[in-house]
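# Give the three-dimensional model of this entry:
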Amino acid sequence: MEIILGKERRRWLRAQKVAIAAETFAPDVVILDIAKRHQISSGQIHTWRKHFRAELGFPAPPEPPPRFMPLAVAADCAPTTIEAELAGGARLRITGALDASVMTALVKALAQRPR
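Take a look at the predicted model:
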C-alpha cells in the first residue's frame, strides 16, 4: 500500500526570500509576474515584502487618515433607533432618546479603536 499526501513543502533560504522581496520594489513591477516566475503565491511574496521592507530600505507606507461622515444631532431628539456601521466593521446601535454629547463620544471612541 502507498499513501500519497501531496507535494513536499518547499523551503526557502533567507537570502532567497530577501532577493525575491527586493525584486518587488523595482519600478513598474507586477508582483504576480514575479510570483509566476518563482512558482510561489503572490500572498507569500507580500508577506516577505512586509517582513523585509525596512531591511531593504523601504519604509512602511503611511496609514491613510480616517474618513468621517458629517454628523449632526438635533438638541431635541425624539426616541428613536439609530444604527451605523463604520469602516472596519464596527457597528453602533442606539435606541431611545439621544444626547448629542453621548453620540459624539461614541463615534469618536469607535473611530479610534485599534484595527
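
# how much space is there between S101 and T80?
Distance, S101 to T80, by Cβ to Cβ, to the nearest Å: 17 Å. From N, CA and C alone the C-beta is placed, and that goes for glycine too.

# can you map out the helices along this protein?
Ranges of helices in the chain, per DSSP state H, are 14-23, 31-38, 42-52, 100-112.

# Those helices into JSON lines, with extra columns for mean neighbour count, distance to I94 and mean pLDDT?
Formatted as JSON lines, the helices of the chain follow (neighbours: other Cβ atoms under 10 Å; distance: least, Cβ to Cβ, whole Å; pLDDT from 0 to 100):
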{"stretch": "helix 14-23", "mean neighbour count": "15", "distance to I94": "46", "mean pLDDT": "96"}
{"stretch": "helix 31-38", "mean neighbour count": "14", "distance to I94": "43", "mean pLDDT": "96"}
{"stretch": "helix 42-52", "mean neighbour count": "15", "distance to I94": "38", "mean pLDDT": "95"}
{"stretch": "helix 100-112", "mean neighbour count": "13", "distance to I94": "7", "mean pLDDT": "74"}
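
# Please parse this protein into its domains.
For the chain, the structural domains run 14-52, 64-115, going by automatic domain parsing.

# May I see those organised as TSV, with distance to G6 added?
Listed next are the domains of the chain as TSV, based on distance: least, Cβ to Cβ, whole Å:
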stretch	distance to G6
domain 14-52	15
domain 64-115	35
